[in-house]
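Participant: everything below, folded, please.
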Amino acid sequence: MHTARCLGSLLLLAVFPAFQGTDRPDRDPPSRVGRLSFVSGSVSFRPGDVDDWVAATVNYPLHDGDHLWTDSDARAEITVGSIAFRLASQSAFGFLALDDRTVQVRLSQGSLNVRVRDLDDDETLEIDTPSGAVSLLRSGVYRVDVDTTGDPTSVTVRRGAAEVTAAGSAFPVRGKQTAVVAGGDSPRYDVQDAIRSDDFDEWCESRNRRSDESRSTQYVSRGVIGYEDLDDNGDWQETPDYGAVWVPRRVATGWAPYRYGHWAWVEPWGWTWIDDAPWGFAPFHYGRWVYVGGGWAWVPGRVVARPVYAPALVVFVGGRNWSLAIAGGSGVAWFPLAPEEPYVPAYRVSNTYIRNVNVTNVNVTNITVTNVNVTNINYRNRRERDGVTVVSRETFVGSRPVSQGVLVVPRDRLDRASVVGATAQIAPGRRSVLGQPAIIAVRHPPAAVTTREVVVHRQPPPPPVPFAVREQALRARPGRPLDDTTVGTLRARTPAARVKPLVRPAVPPTGEGPSPSPSPSPALRPAREGIPPRPQPRERPQSTEPLQPTEQPQPTERPARPAAPKEKKAPPAERQQPARRPAADERPRKERKAERDTTKEKTPS
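Facilitator: Got it, this is the predicted structure:
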């Protein structure tokens, strides 16, 4: 039976005409997102393309431009694959860039603890603060603190290695060290023994142990965002047809997948499911659902190193005549995909992306999606009890709780509904972007914090185009995100003040041509004796193209930095500093990888 399903899916992927899966000029969306995985106290959220702050919702997928604020006595956790960001109270956090190889965040105030489980040689992880850009160079545990005034900034390395860049130069911070950078436009730095752990650090370590000891890693990749919440909320069972499946505990009578939560509009994916359950991320953005043994079970599929995130693995049904028959044209209905049923996104992607997003659950090793007609597939979950969920258009677009607005539709009418595809053909509204049914006043950071510039080593992409600018274009193609060309046109028409990035380069640009170069920024200097000063980068010959803030190295290669001057022998009474060893990006990659492999997670917390 299982073999027959696999062969049937292979035929579906290779034969049916409709979807033209040629490689398109648009970039594929990232295969990972940031998940808001824990909230305690008053935590507020602002999407990158609107100005309103709303109450943060667990399981919301975060991406470029999104902001979080933790108020007094509040904490929050954001996970991105094997990386965990944790915020203490009175902290302002945001994503500047998030894709498959880069995670770049801003911390304009507060305390941020970062746990990095794995960091490949071609990955970049950067934390930008008002005093300097902090690059995390290998797996480990880190903490960054920014004063309420924006200056100073402290960087603590519990395990791992970091590099701080400011005023055109950089210095390393090694394990069990804390560096402090202060001085604004004329920065200075100091490196001392690491600060002592506090209650916030201890809470972060308890969260680390929870993910380290998760039993679910026997069945899913650690790249499946949200796997650590499965242990306490369900059980793994072996089935003859699907292998290991996960069954949730303590669910409501009549519970069905994609019914207890709400819909939101999240670019660049479009309509996205936000589940209410604390465990409700992994089972709704990876894998498939199946009705087996009298209840619903989640099938994670084959384990791969980098599983691809999907906004919602469902199929929408409807059609003009069907919608008019049930609720004056306002009905929206969907059901979850089952194993071996392909997911064909509504957003623009390449063939490679479609193969990768399906490979874990279609169970074929070589998928070439050139023609898939999603309307002709015999979907299994459409026939299952409570498999189809129907709500009004107002509930759907307004991000209202689905479980409170479910419409009862006779089976014969459901059977007559036609398959629409992987998205509802409905344009979003402002509440869809906020993911909230009503805009209620919440606590948010002071204006001085939200407008505070941070220092960047990598130039991030431009901020998102405001939703108010994109709204009309979205109505022209309901349910489909805008392509890169349309977004670029709208950006060009948008006043620069509305999309201004609040960043300044750590390496100031130099003058070019016959004009004299501007006077150099003050060098980053040590705050006490015994620490060698960090030299400014050497000036390039006039015939060489000067470094501009938008010229950034590729993630696989950082620019070589000038060697530090030879350190003089300090007097006996003076604290002796160790000789500077080459920074991680100044040594050959094989040497860096060998060292990381031998030191990863070696030092106890």
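
Participant: is it true that Phe93 touches Gln109?
Facilitator: No: applying C-beta atoms under 8 Å as the test, Phe93 and Gln109 come out as separate, 9.1 Å apart. Where C-beta positions appear, they are placed from N, C-alpha and C, glycine not excepted.

Participant: show me where the protein has helices.
Facilitator: Assigned by DSSP state H, the chain shows helices spanning 2-15, 199-212, 282-285, 320-327, 351-362, 393-397, 411-416, 430-434, 447-450, 467-476, 484-493, 589-599.

Participant: test my guess that Asn59 contacts Gly280.
Facilitator: Yes: using C-beta under 8 Å, Asn59 makes contact with Gly280 at a distance of 5.5 Å.

Participant: Asp193 pairs with what?
Facilitator: Gln177 (DSSP bridges).

Participant: try Thr79
Facilitator: Beta bridges link Thr79 to Arg35, Ala84 when assigned by DSSP bridges.

Participant: just give me the neighbour total for it.
Facilitator: 26 (other C-beta atoms under 10 Å).

Participant: low-confidence stretches in this protein?
Facilitator: For the chain, the stretches with pLDDT under 70 are 1-26, 320-321, 323-329, 363-373, 496-500, 509-523, 527-605.

Participant: biggest strand in it by residues?
Facilitator: The residue-count maximum for a strand in the chain (DSSP state E) belongs to strand 102-116.

Participant: among Asn59 and Gly280, which residue is more densely surrounded?
Facilitator: Asn59 (26 against 22).

Participant: ignoring the adjacent residues along the chain, who's closest to Ile127?
Facilitator: Among residues not flanking Ile127 along the chain, Val134 sits closest, at 4.3 Å (C-beta to C-beta, 6 or more residues apart in numbering).

Participant: so where do the strands sit in the stretch 201-350 of the chain?
Facilitator: 234-239, 243-248, 261-266, 270-275, 288-292, 295-299, 314-318, 331-336 (DSSP state E, counting those that start in this stretch).

Participant: buried residues, stretch 227-237. List them.
Facilitator: Neighbour-count burial for stretch 227-237, counted by 16 or more other C-beta atoms under 10 Å, picks out Tyr227, Glu228, Asp229, Leu230, Asp231, Asn233, Gly234, Trp236.

Participant: for the second one, give its distance to Arg222.
Facilitator: Using C-beta to C-beta, to the nearest Å, Glu228 is found at 9 Å from Arg222.

Participant: likewise the fourth one?
Facilitator: Leu230 sits 12 Å away from Arg222, going by C-beta to C-beta.

Participant: now the third one
Facilitator: Between Asp229 and Arg222 the distance, using C-beta to C-beta, works out to 13 Å.

Participant: kindly report the same for the fifth one.
Facilitator: Asp231 is 13 Å from Arg222, where distance means C-beta to C-beta.

Participant: for Trp273, same thing?
Facilitator: 22 Å.

Participant: so which of these two has more stuff around it?
Facilitator: In this view Trp273 and Arg222 are compared by other C-beta under 10 Å, and Trp273 has more residues nearby, 25 against 19.

Participant: got the end-to-end distance for stretch 226-240?
Facilitator: 26 Å (C-alpha to C-alpha, to the nearest Å).

Participant: list of residues touching it?
Facilitator: By C-beta atoms under 8 Å, 6 or more residues apart in numbering, the residues outside stretch 226-240 that reach it are 35, 37, 59, 79, 210-211, 214-221, 244-250, 277-283, 285, 292-293, 297-298.

Participant: recalculate using a threshold of 7 Å.
Facilitator: Residues from elsewhere that reach stretch 226-240, judged by C-beta atoms under 7 Å, 6 or more residues apart in numbering: 35, 37, 210-211, 214-217, 219-220, 244-249, 278-279, 281-282, 292.
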